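S.K.: give me the fold of what follows.
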Amino acid sequence: MAISSRDLRLLFQQSGNRCAFPQCTKLLTIPASLKDGAVSLSEVAHIVGESVDGPRGDHPMPLEERNRYENLILLCEEHHHLVDTQVSTYPVERLRQMKFDHEGLIAEVTRRAVIARAGDQAIRQQVIETVFSSLLPVERLPKYVFSVDCEFPESEESEVRKRLIRLDKPQAAPFIIRAGRLYCFQNLRDEPGPFAELARGNDVERDDSLGWWREESRRGWYVSLLNRTLNKITGWRGLNLDRDHHRYYFQPDEPGRPKSVAYKPMNQSASTLQVVWQPITKKTNQPKHFWYHRAVALEFVQVGARSWCLAMRPEMRVTRDGVQPIEARRVGGKVTKKKARMWNIDVLEELNFWRAFFFQGRPRLVVPFGDFTALSVSGNFLSTNVEWPGVPPERAKQFKNAVVEENLFDLAALDQIDDEVEHLEVPDEEEPDED
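M.R.: The predicted structure follows:
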């Protein structure tokens, strides 16, 4: 299906006669001269390739959706050639963000020009700021769920854990037991693997994850597998799980001793932050009768038919002595009072800390499930521009390190994930083709 005139009009109108590639200043239309007519230098590029053989064409987006405005980006000839040649450097999510940022910039510049022409001083006092969400885009998810008959019921998952094989190569091995079957992300047909003892000699089934996402009950199972992956990630980082409140928190290394960790904040190259401490009463300079523990709630959420994000919400755990939790009814006021004093920048700094803590300065978090599949989460929070009066001057603060830059080593690692997924998707020769 060709690109419709409606979609082309939307693309050209939203792009403002400029190439969408960052820092490209080229006009896409050369005005007519006295002897010659105007010349168009624009090229319509596909974010997901128009065909499966095109650049980024192996994306699960249906073919009938690929010529719509949402999948098109307007570029100059140079940058069209660049993004279609270096597909690893310019994956789907990066081009989508590029389109979003450019069209938002064009809309904002146009809005300001209209306001200036109208002379509306009151509106001109508004400021445009970038607002960061608490959502981190998921770049890669396991495309298949493998299952095998399991002799243990759901209530005896601990027996399954006893039979898992520990491998030299670190990997997460989340699983669930439902209706007499064990489900996991590992390819149970490969050996060695953590589930080799349980899968050996049994028939292994493989389900397409996309089919699970469309079915309400199995989507919940998929989320359970992802959330159990979070338990592995947080465990690797030394966090404890508060099961009652579904959050992860720091515990002191020694009872009754505060704890700090190093990280890269938004305003500095490196710093440390208290994660367990006993607050001090300002009037008496004496310690209060409780302790604060930094905590975070993490959850994978589906935000579109094929899009997922990792939601991150900073929390606070309160204990009597650094170990024993205080009853919930006595905690609310302490935490609410503390959070009420936090401005947007404070919340963003908390989010930046947790991102830095989990991602360790890298542009993405990659969790392997064996040799041929992995979970990959982008380290850049979803963001947008908003118009509002702004933060009061006394609270205004410029920050850096809000965006994690790519590097060659991490791009190479992402290429390896893509290669492994392609390897996994090769059909098994012994299986008959489906009708």
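S.K.: all the helices of the stretch 1-150 of the chain, residue numbers only.
M.R.: Counting by DSSP state H, counting those that start in this stretch, the stretch 1-150 of the chain has helices at residues 5-15, 77-85, 92-118, 121-124.
S.K.: for those, which has the smallest mean pLDDT value?
M.R.: Sorting the helices of the stretch 1-150 of the chain by mean pLDDT places helix 121-124 lowest, at a mean of 49.
S.K.: distance from stretch 25-38 to the middle of the chain?
M.R.: Relative to the chain's own centre, stretch 25-38 is displaced by 42 Å; criterion: Cα atoms, centre = their mean, to the nearest Å.
S.K.: hey, C-alpha coordinates of it in PDB?
M.R.: This file holds the C-alpha atoms of stretch 25-38, laid out as PDB (Å, rounded to 0.1, in the frame of the first residue of the first chain):
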ATOM      1  CA  THR A  25      20.100  23.000   9.600                       C
ATOM      2  CA  LYS A  26      19.300  22.200   5.900                       C
ATOM      3  CA  LEU A  27      16.200  23.700   4.300                       C
ATOM      4  CA  LEU A  28      14.300  21.000   2.400                       C
ATOM      5  CA  THR A  29      13.000  23.400  -0.300                       C
ATOM      6  CA  ILE A  30      15.300  25.700  -2.300                       C
ATOM      7  CA  PRO A  31      13.300  28.800  -3.400                       C
ATOM      8  CA  ALA A  32      12.800  29.500  -7.100                       C
ATOM      9  CA  SER A  33      15.100  31.900  -8.800                       C
ATOM     10  CA  LEU A  34      14.400  34.200 -11.700                       C
ATOM     11  CA  LYS A  35      15.300  31.500 -14.200                       C
ATOM     12  CA  ASP A  36      14.500  28.200 -12.400                       C
ATOM     13  CA  GLY A  37      11.700  26.800 -10.300                       C
ATOM     14  CA  ALA A  38      11.900  25.700  -6.700                       C
END
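S.K.: what does the domain assignment say about this structure?
M.R.: The record's domain parsing of the chain by automatic domain parsing lists 5-125, 137-142+210-424.
S.K.: just put the ones you listed in CSV and tack on distance to Pro153 and mean neighbour count.
M.R.: From N, CA and C alone the C-beta is placed, and that goes for glycine too. Formatted as CSV, the domains of the chain follow (distance: least, Cβ to Cβ, whole Å; neighbours: other Cβ atoms under 10 Å):
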stretch, distance to Pro153, mean neighbour count
domain 5-125, 34, 15
domain 137-142+210-424, 16, 15
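S.K.: redo those as JSON lines? Include distance to Gln186.
M.R.: What follows is these, written out as JSON lines (distance: least, Cβ to Cβ, whole Å):
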{"stretch": "domain 5-125", "distance to Gln186": "21"}
{"stretch": "domain 137-142+210-424", "distance to Gln186": "5"}
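S.K.: I'd like to know which of those domains is closest to Ala173.
M.R.: Evaluated with Cβ to Cβ, the domains of the chain place domain 137-142+210-424 nearest to Ala173, the distance being 7.3 Å.
S.K.: low-confidence ranges in the stretch 201-350 of the chain?
M.R.: Along the stretch 201-350 of the chain, the parts satisfying pLDDT under 70 run over 265-269, 327-345.
S.K.: ranges for the helices of it?
M.R.: Assigned by DSSP H, counting those that start in this stretch, the stretch 201-350 of the chain shows helices spanning 209-214, 216-236, 332-340, 344-359.
S.K.: right, and those helices - which one's nearest Tyr263?
M.R.: Nearest to Tyr263 among these is helix 344-359 (4.2 Å), distances taken as Cβ to Cβ.
S.K.: relative to helix 216-236, how tilted is the closest one?
M.R.: Helix 344-359 and helix 216-236 are oriented at 80 degrees to each other (axes from the mean of the first three to the mean of the last three Cα atoms, to 10 degrees).
S.K.: which one, of the helices of the stretch 1-150 of the chain, ends up nearest to Pro137?
M.R.: helix 92-118 (5.8 Å).
S.K.: any idea of the angle that closest one forms with helix 5-15?
M.R.: 70 degrees.
S.K.: for helix 92-118, packing partners?
M.R.: helix 5-15, strand 72-76, helix 121-124, strand 383-388 (3 or more Cβ pairs under 8 Å, 6 or more residues apart in numbering; DSSP states H and E).
S.K.: may I see the ones you listed organised as TSV, with distance to Arg181 added?
M.R.: Shown next, in TSV, are these (distance: least, Cβ to Cβ, whole Å):
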stretch	distance to Arg181
helix 5-15	44
strand 72-76	43
helix 121-124	60
strand 383-388	41
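S.K.: which of the ones you listed sits closest to Ile177?
M.R.: strand 383-388 (39.4 Å).
S.K.: compare the domains of the chain and report which one is nearest to Val148.
M.R.: Nearest to Val148 among the domains of the chain is domain 137-142+210-424 (14.6 Å), distances taken as Cβ to Cβ.
S.K.: returning to that earlier point: so which of the domains of the chain is nearest Ala199?
M.R.: So among the domains of the chain, domain 137-142+210-424 is nearest, using Cβ to Cβ, at 12.2 Å.
S.K.: how far is that closest one from where the chain is centred?
M.R.: When C-alpha coordinates are averaged (Cα atoms, centre = their mean), domain 137-142+210-424 and its chain have centres 11 Å apart.
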